[in-house]
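Asker: give me a model of this one.
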Amino acid sequence: MNGLFITIEGPDGAGKTSIIKELFPLLKKVAKTEIIQTREPGGIPIAEAIRAIILDPKNDRMDDRTESLLYAAARRQHLVEKVLPALASGKIVLCDRFVDSSLAYQGAGRRIGIAEIARLNEFATEGTTPDFTLYLDVDSDTGLRRIENHRQDQIDRLDSEGLEFHQRVRHAYLKLADKYPERIHKIDARKSFQEVLEMSYQAIIQQYPQFFESQEGDRK
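Answerer: Numbering: from 1, shown residues only. From the prediction side, this is the model:
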């Protein structure tokens with residue numbers, strides 16, 4: 001792969017999607033090659049259709065392993081249809097979630113087992129791993145409070161899980177960050193939005209000067 005694969009991860013309420021929305025145009029201004037933004041599950045029609053099934057609150061009878069398989073299926077199609085071709089052509093891919101999410105949410109949150117979910121996703125991705133991952137960390141109490149205050153009309157199946165579920169998810173993310181410090185860069189998402197955005201931006205452009213122009217003075 002000649003391009004650059006960047007993922008952004010975090011527990012619910014970390015502000016991940018909002019940060020990506022603002023981060024992408026900032027990176028686009030200084031990228032030395034084309035950059036695309038995408039998400040998981042989703043990013044392409046087949047994966048978006050699977051996303052709707054997974055997150056629909058009406059699907060409360062969904063088995064945990066079924067959920068895991070659906071995530072892996074969406075990931076596979078998204079990878080081969082969008083991510084890998086973009087990387088092969090030298091593009092930068094900025095992706096909202098990847099395998100780390102499944103390890104945290106299904107492996108730990110659903111208590112299926114991180115090793116089991118890792119094996120499933122090894123098959124689905126053929127070992128594809130991000131070059132760099134931003135992990136936006138927030139404690140579960142704060143995250144759930146943010147969801148309740150700002151996303152009341154958009155609560156999905158995973159958002160509605162209890163505190164202990166979200167604590168298991170966060171603990172798994174922290175373990176992954178400790179295990180892969182060379183890939184996963186942790187950011188304190190309890191800070192202000194602008195601080196988190198700036199730290200995310202600087203972490204990426206400083207890590208990969210070959211893909212991004214250095215900034216002198218006011219980048220705005």
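Asker: what about the helices in the protein?
Answerer: For the chain, applying DSSP state H gives helices covering 16-30, 45-55, 64-78, 84-88, 99-102, 114-125, 140-150, 163-179, 193-207.
Asker: just the angle for the first one relative to helix 193-207, thanks.
Answerer: Angular relation of helix 16-30 and helix 193-207 on a 0 to 180 degree scale: 50 degrees, by axes from the mean of the first three to the mean of the last three C-alpha atoms, to 10 degrees.
Asker: in helix 16-30, which residues are buried?
Answerer: When burial is assessed from 16 or more other C-beta atoms under 10 Å, helix 16-30 yields the following buried residues: 16, 19-20, 23-24, 26-27, 30. Just so you know, the C-beta spots here come from the backbone N, C-alpha and C atoms, and that holds for glycine as well.
Asker: columns mean pLDDT and distance to residue 187 on top of the helices of the chain, output as TSV?
Answerer: Formatted as TSV, these follow (pLDDT from 0 to 100; distance: least, C-beta to C-beta, whole Å):
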stretch	mean pLDDT	distance to residue 187
helix 16-30	97	9
helix 45-55	96	25
helix 64-78	98	24
helix 84-88	98	24
helix 99-102	98	14
helix 114-125	98	22
helix 140-150	83	14
helix 163-179	96	10
helix 193-207	97	5
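Asker: figure out which of these is closest to residue 2.
Answerer: Nearest to residue 2 among these is helix 84-88; the distance by C-beta to C-beta comes to 6.6 Å.
Asker: quick check, central residue of the chain?
Answerer: Centroid-nearest residue in the chain: residue 97, 1.9 Å away (criterion: C-alpha atoms, centre = their mean).
Asker: ok, that residue touching residue 7?
Answerer: Yes - taking C-beta atoms under 8 Å as the definition, residue 97 is a contact partner of residue 7 at 6.7 Å.
Asker: burial of residue 192, as a residue count?
Answerer: Number of residues near residue 192 (other C-beta atoms under 10 Å) recorded here: 8.
Asker: again with residue 32
Answerer: Residue neighbour count, defined by other C-beta under 10 Å, stands at 13 for residue 32.
Asker: look up phi and psi at it.
Answerer: Dihedral pair for residue 32: phi -80, psi -10, per degrees, to the nearest 10.
Asker: which one of the buried residues of helix 16-30 is nearest residue 118?
Answerer: When those are compared for distance to residue 118 (C-beta to C-beta), residue 16 comes out closest, at 21.6 Å.
Asker: which residues touch the closest residue to the closest one other than its chain neighbours?
Answerer: Leaving aside its sequence neighbours, residue 16 sits nearest to residue 10 (C-beta to C-beta, 6 or more residues apart in numbering; 4.3 Å). Contacts here follow C-beta atoms under 8 Å, 6 or more residues apart in numbering; on that basis residue 10 touches 16, 135-138, 173, 189.
Asker: so which of those residues is the closest to residue 181?
Answerer: Each of the contacts of residue 10 was checked against residue 181 using C-beta to C-beta; the closest is residue 135, at 10.6 Å.
Asker: next one: that closest one from residue 182, what distance?
Answerer: Distance, residue 135 to residue 182, using C-beta to C-beta, to the nearest Å: 13 Å.
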